[in-house]
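Asks: Curious how this folds, go ahead:
(one chain, ligands or ions: 3)
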Amino acid sequence: MRVHVADHPLITHKLTVLRDRETKSPTFRALTEELVTLLAYEATRSVRTEPVDIQTPVGPTTGLAISKPRPLVVPILRAGLGMLEGMTKLVPSAEVGFLGMMRDEETLQPVTYAERLPDDLSNRQCFVLDPMLATGGSLIAAIDFLLDRGAVDVTAVCILASPEGLAAVEKAMHGREVHIVLGAVDEQLNDQGYIVPGLGDAGDRLYGLA
Ligand SMILES: O=P(O)(O)OC[C@H]1O[C@H](OP(=O)(O)OP(=O)(O)O)[C@H](O)[C@@H]1O
Ligand SMILES: O=c1cc[nH]c(=O)[nH]1
Ligand SMILES: [Mg+2]
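Replies: Numbers count the residues shown, from 1 in each chain. Ligands and ions are numbered 1, 2, ... in the order given. The predicted structure is shown next:
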């Protein structure tokens, strides 16, 4: 498993405002989108391309374009939805699939309540979006879902992770190649499975519903 923590003062600045409990939903949503755009730049570094012949106003040349089949972007509802716009701004040709998951707050186990993905993901590059990698249960379930459908290449884009969650994902992957791009790795999980210092409940802060 490859983990890349994006280290950039703009990301750190935006994360600080995002974490602040005084930051209200409209600003939280805007910052989430901006952060994803910065993280997506790194996450798409190995997006597959193919040569294309074009004519510039001056003459012919061969450039590179994102190859087919198109990359698949999968936001994990609800909080991952707040990251979708930032990602598709950068990769407008991407296809979008959806996974609805909620963590049972007693057991901390993920429950999948919705799925809308292509049946056959063989030969697809997939980008999973979820702001919070806490125990890792939701991300492990999402990645397993994609790999079981034949995805060959999975990159997760998360805003924050806990060290415990990252270790859990690594263990669950059994050497299968996944890539995780993060804004920061925080100190730890608390007894309720929240990332500390974290930013609280990302879904509630984006959408304001419990
Ligand atoms: O790593 P884990 O311990 O599985 O926790 C992380 C998950 O928890 C949050 O979703 P939540 O279950 O709160 O659903 P929501 O997005 O609808 O708020 C978050 O967006 C992740 O999906
Ligand atoms: O800190 C956390 C943990 C899980 N889900 C969140 O939204 N925040
Ligand atoms: Mg939530």
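
Asks: any weak-confidence spans in the chain?
Replies: Scanning the chain with the threshold set as pLDDT under 70 gives 209-210.

Asks: Try it again at 90.
Replies: Within the chain, the stretches with pLDDT under 90 are 7, 105, 123, 152, 174-177, 208-210.

Asks: Need the phi and psi values for the one residue in it that gets nearest to ligand 1.
Replies: Relative to ligand 1, the nearest point of the chain is residue 203 (2.2 Å; C-beta to the nearest ligand atom). In short, each C-beta sits where N, CA and C put it, glycine included. Main-chain torsions, residue 203, degrees, to the nearest 10: phi -60, psi -40.

Asks: Would you quantify the distance from it to residue 160?
Replies: Applying C-beta to C-beta, to the nearest Å, the value for residue 203 to residue 160 is 13 Å.

Asks: Helix or strand: which one has the nearest residue to residue 27 once chain neighbours are set aside?
Replies: Excluding the flanking residues, the one nearest residue 27 by C-beta to C-beta, 6 or more residues apart in numbering is residue 17, at 7.2 Å. Assessed by DSSP states H and E, residue 17 sits inside helix 9-19.

Asks: What residues sit buried inside that helix?
Replies: Across helix 9-19, burial judged by 16 or more other C-beta atoms under 10 Å covers 11, 14-15, 18-19.

Asks: how about it against ligand 1, any contact?
Replies: No. Helix 9-19 lies out of reach of ligand 1 by C-beta under 6 Å from any ligand atom, never closer than 13.7 Å.

Asks: What helices and strands are in contact with that helix?
Replies: If you count contacts as 3 or more C-beta pairs under 8 Å, 6 or more residues apart in numbering; DSSP states H and E, helix 9-19 packs onto helix 25-43, strand 153-161, strand 178-185.

Asks: Quick one: check that helix for contact with ligand 2.
Replies: No. Judged by C-beta under 6 Å from any ligand atom, helix 9-19 makes no contact with ligand 2; its nearest approach is 10.7 Å.

Asks: Show me what from the protein comes close to ligand 2.
Replies: Neighbours of ligand 2 within the chain, by C-beta under 6 Å from any ligand atom: 79, 132, 134, 193-195, 198, 201-203.

Asks: so which of these comes closest to ligand 3?
Replies: Comparing these against ligand 3 with C-beta to the ion places residue 203 closest, at 3.3 Å.

Asks: The closest one reaches residue 78, doesn't it?
Replies: Yes. Using C-beta atoms under 8 Å, residue 203 is in contact with residue 78, at 4.4 Å.

Asks: which stretches of the protein form strands?
Replies: With strands called from DSSP state E, the chain shows them at 2-5, 49-55, 60-66, 72-77, 95-96, 98-103, 110-116, 125-129, 132-133, 153-161, 178-185, 188-189, 195-196.

Asks: could those strands be laid out in a markdown table, adding mean neighbour count?
Replies: Formatted as a markdown table, the strands of the chain follow (neighbours: other C-beta atoms under 10 Å):
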| stretch | mean neighbour count |
| --- | --- |
| strand 2-5 | 13 |
| strand 49-55 | 10 |
| strand 60-66 | 11 |
| strand 72-77 | 24 |
| strand 95-96 | 16 |
| strand 98-103 | 19 |
| strand 110-116 | 13 |
| strand 125-129 | 26 |
| strand 132-133 | 26 |
| strand 153-161 | 26 |
| strand 178-185 | 21 |
| strand 188-189 | 16 |
| strand 195-196 | 18 |
